[in-house]
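> Got a sequence here, can you build the structure:
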Amino acid sequence: MPSLQPGEKASRTTAISDDMIRLFADLTGDTNPVHLDDAYAAGTRFGRRIAHGMIAAGLISATLANDLPGPGTIYLSQTLQFKAPVYPGDTITTTVEVKTARPDKPIVTLATSCRNQNDVVVLEGEAVVLVSK
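Reported below is the predicted structural model:
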């Protein structure tokens with residue numbers, strides 16, 4: 001059973017590059033011009049290109065898989081609330097924090113968040129994961 005305790009947390013920081021955004025568009029087929037076209041994006045409410053929201057969500061997955069709970073972790077669910085845009089060149093710090101660990105099964109619930117270099121929350125939610133024994 002998981003030995004994780006409420007309050008345990010882990011973070012990792014990642015720079016969001018133009019290459020990352022373009023690779024994500026190629027991988028997923030999400031070629032929305034707000035992510036890829038400077039001229040188009042300049043006319044949007046954001047005034048410039050933004051990264052795909054799911055890039056930040058993917059950074060949560062990386063933190064869960066590599067840091068806490070760590071290798072072998074499997075998603076059961078994830079809620080996401082997009083709070084602010086992520087721009088090319090932003091540095092995103094993802095934090096996961098144990099909320100509860102079931103005593104009867106290797107299932108852990110974690111608060112998840114992503115903040116930019118200005119400490120603005122860009123994404124938050126909650127993950128439920130199956131922890132590797």
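
> residue contacts, Ala41?
33-35, 47-50 (CB atoms under 8 Å, 6 or more residues apart in numbering). Every residue, glycine included, has its C-beta placed from N, CA and C.

> do the same with Leu130
73-76, 106-107.

> neighbours around Val96, how many?
Neighbourhood size, Val96 [other CB atoms under 10 Å]: 26.

> Relative to Asp19, how far out is Gln81?
With distances taken as CB to CB, to the nearest Å, Gln81 is found 27 Å from Asp19.

> Report the secondary structure element holding the most far-flung residue of the chain relative to its centre.
Within the chain, Asp104 marks the point farthest from the mean C-alpha position, 28.0 Å out by CA atoms, centre = their mean. Assessed by DSSP states H and E, Asp104 sits outside every helix and strand.

> now do the one 4 residues further on
For Val108, the enclosing helix or strand under DSSP H and E is strand 107-115.

> Against which helices or strands is that strand packed?
helix 53-66, strand 91-101, strand 121-130 (3 or more CB pairs under 8 Å, 6 or more residues apart in numbering; DSSP states H and E).
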